[in-house]
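In: my questions are about this predicted structure, shown below with the sequence.
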Amino acid sequence: MRIRIGRGFWSSRLGLTLLAFAGFLLLAGASLFTYYHLTFGRMIDRRLSGRAFQATARIYTAPVRIFVGQ
């Protein structure tokens, strides 16, 4: 039993070239996204693992109240 697929645009040489190029772009984009996602994820984890409030301003007073007309 033979199955014949009609010779449309996507099975022509140009169509297959365009499909291969689109697949390459999709793979390259997914790889780039994964690389930066992992890189920035590690950077954020390193910053959050340290002491977050090590160099605070240490101001412990209430803010001054300002009234209308001052």
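Out: Great, that's in hand.
In: from here on, contacts and neighbour counts on C-alpha atoms
Out: Noted.
In: now the helices for the chain?
Out: 13-49 (DSSP state H).
In: low-confidence ranges, it, go.
Out: Applying pLDDT under 70 to the chain picks out residues 3, 5-6, 51-54.
In: hmm, try it at 80
Out: 1-7, 10, 50-63, 70 (pLDDT under 80).
In: count of residues packed around Leu18?
Out: 13 (other CA atoms under 10 Å).
In: oh, that last question was meant for Gly50, not what I typed.
Out: The local packing of Gly50 (other CA under 10 Å) involves 9 other residues.
In: state the distance from it to Phe40.
Out: To Phe40, Gly50 is 16 Å away according to CA to CA, to the nearest Å.
In: and Phe24, by the same measure?
Out: 24 Å.
In: do the same with Trp10
Out: Note on Trp10: its distance to Phe40, by CA to CA, is 39 Å.
In: same check, this time on Gly23
Out: Relative to Phe40, and taking CA to CA, Gly23 is found at 26 Å.
In: repeat that for Val64.
Out: Applying CA to CA to Val64 and Phe40 gives a distance of 40 Å.
In: so between these two, which is more surrounded?
Out: For Val64 versus Phe40, neighbours defined as other CA under 10 Å are more numerous around Phe40 (11 against 6).
In: residues touching that one, list them.
Out: Phe40 makes no contacts at all, as judged by CA atoms under 8 Å, 6 or more residues apart in numbering.
In: for the spatially closest residue to Leu19 that is not a sequence neighbour, grab the count of nearby residues.
Out: Spatial nearest neighbour of Leu19, excluding adjacent residues (CA to CA, 6 or more residues apart in numbering): Trp10 at 7.6 Å. Counted with other CA under 10 Å, the neighbours of Trp10 add up to 13.
In: pretty sure Trp10 is touching Ala20, no?
Out: No. Between Trp10 and Ala20 there is no contact under CA atoms under 8 Å: 10.6 Å.
In: fine by me, thanks again.
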